[in-house]
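Fold the following.
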Amino acid sequence: MRDSKNKSRKELLSEIKNLKKQIADVQNDNLFQKLKESEEKYKTNYEHVPLSYQSLDFDGNFLDINPAWLKTLAYSEQDVIGKNFADFLHPDYKPHFFFNFQQFKEQGYIHDVQFKIQHKDGHFLDILFEGSIAYTPEGNFKQTYCTFKDITKQKEIENALKESEERYRNLLETAPVGIAVHQDGLAVYINRKGCEIIKADSPDQIIGKPINQFIPDSVFDKVKLQVKEILKGKKHITPVEEQLICLDGTHVDVDISAMPIKYNNKLAVQIIVSDITERKKTEKEILEKTSQFKILTEAAGDALFVSDFETEDIVFVNKRACKTLGYTEDEILKLKVSDLDPVFINENYRENIWKTMSPGEHQTIEAVHKRKDGSTFPVEIRTGLIEFNGRKSVLGFARDITERKKTEKELKKYHEHLEILVKERTKELEEKAKKIQESQKALSFLMEDVNKSRKELSESNLKLSESNRDLESFAYSVSHDLKTPLRAISGYSKVLLEDFSAQFGDESKGYVYSIIKNSNNMNALIDDLLRFARIGRNELDRSEFNLSVLVQDCFNEIKSLVPDKKSVITIQKDVFINADIGLMKQVMTNLLTNAVKYCKTDKSPKIEFGIKKVKKQDYYFLKDNGIGFDMKYHDTVFKVFKRLHNAESYEGTGIGLSLVKRIINKHGGDVFAESEPEKGSTFYFKVS
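Numbers count the residues shown, from 1 in each chain. Reported below is the predicted structural model:
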């Protein structure tokens with residue numbers, strides 16, 4: 001029985017020992033799993049944390065870095081591990097590092113420490129450090145755990161902002177005018193000039209004080225109202241003359257303007273002050289010294305009057321006023337304004353004009369003055385408020401506008417006469433329209449142009465409109481009245497050559513050929529005149545099109561007409577323009593014709609078309625290798641019938657470039673040329 005008990009006890013102890021071992025094994029497995037999970041979690045944070053991480057040993061050498069560190073500075077692990085941290089710092093920071101690193105190890109942490117660290121490409125980044133020390137169980141230094149972030153952009157912005165604020169402050173402090181800012185009724189800023197005007201030794205004497213301390217009671221309510229208007233959104237208060245109270249109690253005359261600004265992120269009012277003490281003193285001296293005032297006024301070319309604002313008595317006149325009105329000075333000084341101006345009372349000038357003006361403001365009106373003999377004449381008066389002999393007065397400069405009124409009357413009469421001429425010419429054109437059916441459309445355009453001119457004449461006194469219309473009328477008259485006999489002359493001349501050629505000698509045939517040639521030239525001239533006249537009248541039919549294609553088409557047409565000239569053209573592709581395609585075809589035809597025509601006989605025409613910058617604007621251009629011209633004739637070549645070469649040498653009507661200029665002007669554009677004799681010409685143009 002005893003043996004059985006002992007055996008059971010041994011077995012029990014063995015089972016307990018085995019059970020303890022199993023429990024230990026389970027615990028070790030759990031610890032291993034937790035350790036593995038912790039390491040995985042640390043590795044994930046270590047590799048993916050957005051901050052740059054580094055670990056240093058006791059001497060400051062790199063033990064570890066994370067991918068963010070390498071990405072920020074572009075190094076590899078081989079470039080860094082084992083190296084000392086100071087090797088990567090800006091030279092200016094190296095001496096400080098060893099001292100700061102020692103303090104770091106002593107206190108166990110660092111916070112918001114800034115360094116400059118070198119990127120692999122050589123430039124330096126500004127970084128902000130955070131770190132702590134890891135210790136062994138015995139309390140000894142183990143390693144550092146540090147993170148940093150790149151604050152280079154932040155530093156650049158801070159430096160730029162600091163420089164901007166410094167420039168702005170220097171500008172304010174050196175400004176020739178006083179500048180102050182008040183917020184919630186208190187002064188918060190004032191510059192040097194402002195202190196000087198207010199007689200303060202430093203801004204500290206002004207800042208923090210209420211602004212009403214520096215404003216006289218007589219104008220405080222007005223200033224208070226203006227401040228409310230500014231703070232409600234009125235952008236700017238224009239300069240007004242006021243007085244300020246200086247620190248010593250004296251008053252100073254100033255010009256003040258004000259505007260709303262943001263100051264320390266709060267709405268405030270900025271005041272700009274100019275000391276006008278000397279100006280006011282000068283004005284007062286001029287007005288009080290009548291003799292000096294008189295010298296100045298006698299030099300004026302207009303009649304000058306000064307009248308009392310309240311009594312309307314005339315208190316001063318110059319000699320011109322006396323001469324114009326036929327009074328002596330003593331006689332005029334006994335009169336009132338209404339004695340010289342018959343409409344003064346009826347028009348109520350005092351209420352409607354005088355009382356609406358502010359000091360420094362002027363108004364111009366037309367009135368009537370009455371001479372001593374009772375006759376009247378129209379005047380233009382420029383009037384304003386002044387102080388004269390210590391009283392509020394009205395200063396007026398009166399100019400006799402009799403001749404101007406006479407001219408206006410004559411222009412009105414001329415306008416009426418033009419209306420009659422327009423009606424007569426309209427009737428004449430209507431009659432011609434019935435007889436010549438083929439010219440009906442042209443006459444319709446002319447009637448539209450005449451009616452348009454009539455409307456313009458009713459709004460304008462310029463004679464140039466009539467000249468332009470006469471030119472158009474002349475062009476149409478020449479076109480339709482002369483083309484028929486010209487066709488007859490040319491036709492009969494051809495009949496003579498065809499049917500009676502055998503009866504003519506060489507000289508006679510030459511005369512007939514000359515008649516035909518000159519008839520054709522005259523017919524071409526008439527067509528050009530008609531085309532020239534139509535340009536000013538027809539409305540533009542604008543569209544976007546490829547000008548390069550149009551230039552090629554025009555060149556092909558011209559080249560077929562003069563096959564003996566081996567013309568070559570270089571055209572920039574896909575040059576587009578927004579214009580009237582019909583008119584632009586006329587422009588390019590004329591320019592290309594000239595380029596081919598004005599070429600030396602021993603050379604083949606070489607032409608270039610494109611677009612380029614001229615005077616910082618896009619200009620289309622056509623360049624040739626022709627005979628060129630002297631630039632002193634630049635304006636001449638664009639005038640009607642102005643030719644630089646005789647018709648025997650180079651055929652033409654003398655209207656081609658005039659048409660070009662008129663078409664470009666109608667498009668609201670510009671055209672000019674650059675040329676040199678024997679070296680060719682380049683014509684530039686643009687449209688709006």
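
what's around residue 390, how many residues?
Other residues lying near residue 390 total 9 when counted by other Cβ atoms under 10 Å. For every residue, glycine as well, the C-beta is placed using N, CA and C.

Look up how far residue 359 lies from it.
15 Å (Cβ to Cβ, to the nearest Å).

do residue 596 as well
71 Å.

in the sheet, who's paired with the nearest residue to residue 619 once chain neighbours are set aside?
Computed as Cβ to Cβ, 6 or more residues apart in numbering, the closest residue to residue 619 that is not its neighbour in sequence is residue 684, at 4.3 Å. Under DSSP bridges, the beta-bridge partners of residue 684 are residue 621, residue 672.

so what's residue 684 up against?
When contacts are counted by Cβ atoms under 8 Å, 6 or more residues apart in numbering, residue 684 touches 614, 619-621, 671-674.

ok, residues contacting the helix or strand harbouring residue 396?
Using DSSP states H and E, residue 396 falls within strand 391-400. Residues outside strand 391-400 that contact it (Cβ under 8 Å, 6+ apart) are 300, 302-310, 315, 321, 324, 354, 367, 369, 377-388.

Please, where are all the helices along the stretch 101-250 of the chain?
Taking DSSP state H, counting those that start in this stretch, the helices of the stretch 101-250 of the chain run over residues 152-174, 192-198, 217-231.

and the ones you listed, which is most packed in?
helix 192-198 (a mean of 19; mean count of other Cβ atoms under 10 Å).

quick revisit: from the contacts of residue 684, which two are the most distant?
Greatest spacing in the contacts of residue 684, by Cβ to Cβ: 620 and 674 (13.8 Å).

taking the contacts of strand 391-400 one by one, which sit in strands?
Residues of these located in strands (DSSP state E): 303-308, 315, 367, 369, 377-388.

Can you pull out the low-pLDDT segments for the stretch 101-250 of the chain?
Within the stretch 101-250 of the chain, the stretches with pLDDT under 70 are 165, 168, 172, 218-221, 223-224, 227, 230-239.

low-scoring stretches of the stretch 451-600 of the chain, by residue?
Those would be 453-454, 456-488, 490-495, 497, 501, 508-514, 516-538, 560-565, 600, if you go by pLDDT under 70 across the stretch 451-600 of the chain.

List the beta-bridge partners for the closest residue in space to residue 111 that isn't next to it in sequence.
Spatial nearest neighbour of residue 111, chain neighbours left out: residue 130 (6.0 Å); criterion: Cβ to Cβ, 6+ apart. Legend: beta-bridge partners of residue 130 under DSSP bridges are residue 111, residue 147.

Residue 396 too?
Beta-bridge partners for residue 396, by DSSP bridges, are residue 305, residue 383.

What is the burial count for it?
Look at residue 396: counted by other Cβ under 10 Å, it has 25 neighbours.

Quick check: it vs residue 328, distance?
According to Cβ to Cβ, residue 396 stands 19 Å off from residue 328.

Write the PyMOL selection for whichever of the contacts of strand 391-400 are buried.
Buried residues among those (16 or more other Cβ atoms under 10 Å), as a PyMOL selection:
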select buried, resi 302+303+304+305+306+307+308+309+315+321+324+354+367+369+378+379+381+383+384+385+386+388
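
Which residues does stretch 303-314 contact?
When contacts are defined by Cβ under 8 Å, 6+ apart, stretch 303-314 is touched by residues 297, 315-318, 320-321, 324-325, 332-333, 335-338, 340, 350, 354, 379, 385-386, 388, 391-400.

just the buried members of those?
Buried among the contacts of stretch 303-314 by 16+ other Cβ under 10 Å: 297, 315-318, 320-321, 324-325, 332, 335, 337, 340, 350, 354, 379, 385-386, 388, 393-400.

mind listing the helices for the stretch 501-650 of the chain?
In the stretch 501-650 of the chain, the helices defined using DSSP H, counting those that start in this stretch lie at 506-535, 547-561, 581-597.

in the last one, what counts as buried?
Right, helix 581-597. For helix 581-597, a neighbour-count test (16+ other Cβ under 10 Å) marks 583-597 as buried.

quick one: the helices in the stretch 301-450 of the chain?
319-325, 329-332, 337-340, 344-347, 349-352, 402-435, 440-459.

Provide the strand pairings for the helix or strand containing residue 268, with the direction of each partner.
Using DSSP H and E, residue 268 maps to strand 266-275. Note on strand 266-275: by DSSP bridges, its sheet partners are strand 178-183 (antiparallel), strand 251-263 (antiparallel).

Turn those into TSV, including mean neighbour count and distance to residue 425.
What follows is the strands paired with strand 266-275, written out as TSV (neighbours: other Cβ atoms under 10 Å; distance: least, Cβ to Cβ, whole Å):
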stretch	mean neighbour count	distance to residue 425
strand 178-183	21	68
strand 251-263	17	59
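
nearest to residue 139, of those strands?
strand 251-263 (55.2 Å).

Could you report the separation of the residue nearest to residue 111 from residue 114?
11 Å.

When those two are compared, which one has more neighbours?
Legend: neighbour count by other Cβ under 10 Å for residue 130 and residue 114, higher for residue 130 (15 against 12).

So that one versus residue 146, what's the distance?
Distance from residue 130 to residue 146, by Cβ to Cβ: 7 Å.

list residues touching both of those two?
Contacts common to residue 130 and residue 146, judged by Cβ under 8 Å, 6+ apart, are residue 110.

ok, residue 63 - contacts?
Going by Cβ under 8 Å, 6+ apart, residue 63 touches 55-57, 81, 143.

So it belongs to a strand, correct?
Yes: judged by DSSP: H, G, I helix; E, B strand; the rest coil, residue 63 forms part of a strand.

I'd like to know how far it sits from residue 108.
In this view, residue 63 and residue 108 are 17 Å apart by Cβ to Cβ.

burial measure for the residue lying closest to residue 667 once chain neighbours are set aside, as a count.
In space, and not counting its chain neighbours, residue 667 is closest to residue 687: 3.9 Å by Cβ to Cβ, 6+ apart. When counting by other Cβ under 10 Å, one arrives at 22 neighbours for residue 687.

doesn't residue 668 make contact with residue 687?
Yes: under the criterion of Cβ atoms under 8 Å, residue 687 makes contact with residue 668 at 6.6 Å.
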